[in-house]
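Visitor: Here is my input; please provide its structure:
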Amino acid sequence: MRLERVPISVGIGETIGHNRVSAAVERIRARLPRVDIELIVASSSELRAGLTDGEFDVLITTEKASEELYRIDQLYDEEYKVVVAHAHPLSKETAVSLSTLSNTNMLDRLNCEMRDTLHSTCADQGHELYAAYRSNRVDWLIELARQGSGAVILPSTAVPEDIGLVAIPIDGLDLSRTVHALRYRHQATRPETSDLIREITRVQV
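Guide: This is a model prediction of the structure:
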């Protein structure tokens, strides 16, 4: 019966990779089939407003937040990697240096939270990345990479499990981020929401 269903609305930041979250959602649904999960991708401002208005039960984001207003659960840390097509000249490398990237056509992700850090680090070392294409949509950049148009730097969970793509570490650059869950302290939390958060933190072997 519909009245027995448990709806969970999850707000997801635009730069969050789908791999880990989608796998956790599937495991929760298999264990708790009465749970209905809504996944909404939106900007940071839209997500925060939706959470305080009760539209979302939880946010998955990299944005910093006040512990006085939000309950914050660290979900996972992830590294950034260079993603290229299997036929790309860099695909055989075990690691790629900033010097090499400065001579590579790059696919620039405009809404990447690490974009300024990456470019400033390159500038400090005397390198400049050339953006052959720019977009705020990860799916477009991934498709351009798949077509051989250039290299895109992505967090690990955003890299598709695709035999046509190769993900390579960046040599000499420690570029990583922490993804966490936010719950509004003035809003009650369903046990199923807590279950989902725990499931996302769990590493599948």
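Visitor: ok, residue 177 - contacts?
Guide: Counting by C-beta atoms under 8 Å, 6 or more residues apart in numbering, residue 177 touches 62, 77, 78, 80, 113, 114, 155. In short, each C-beta sits where N, CA and C put it, glycine included.
Visitor: mind putting the residues you listed in a markdown table, pLDDT and neighbour count included?
Guide: Below are the contacts of residue 177 laid out as a markdown table (pLDDT from 0 to 100; neighbours: other C-beta atoms under 10 Å):
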| residue | pLDDT | neighbour count |
| --- | --- | --- |
| 62 | 93 | 17 |
| 77 | 94 | 11 |
| 78 | 92 | 20 |
| 80 | 92 | 23 |
| 113 | 81 | 16 |
| 114 | 82 | 17 |
| 155 | 92 | 26 |
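Visitor: And the furthest pair within the residues you listed?
Guide: Farthest pair in the contacts of residue 177 (C-beta to C-beta) is 77 and 113. Separation: 13.8 Å.
Visitor: taking the contacts of residue 177 one by one, which sit in strands?
Guide: Judged by DSSP state E, those include 77, 78, 80, 155 as members of strands.
Visitor: out of those residues, who's nearest residue 170?
Guide: Using C-beta to C-beta, the ones in strands among the contacts of residue 177 come closest to residue 170 at residue 80, 6.8 Å.
Visitor: if I pick the closest one, what's in contact with it?
Guide: 114, 118, 153, 154, 155, 156, 170, 175, 176, 177.
Visitor: In helices, which of these fall?
Guide: When the contacts of residue 80 are checked against helices (DSSP state H), the matches are residue 118.
Visitor: I'd like the contacts of residue 80 laid out as JSON lines, including distance to residue 98.
Guide: Conversion of those to JSON lines gives the following (distance: C-beta to C-beta, whole Å):
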{"residue": "114", "distance to residue 98": "14"}
{"residue": "118", "distance to residue 98": "9"}
{"residue": "153", "distance to residue 98": "11"}
{"residue": "154", "distance to residue 98": "16"}
{"residue": "155", "distance to residue 98": "18"}
{"residue": "156", "distance to residue 98": "19"}
{"residue": "170", "distance to residue 98": "7"}
{"residue": "175", "distance to residue 98": "10"}
{"residue": "176", "distance to residue 98": "16"}
{"residue": "177", "distance to residue 98": "18"}
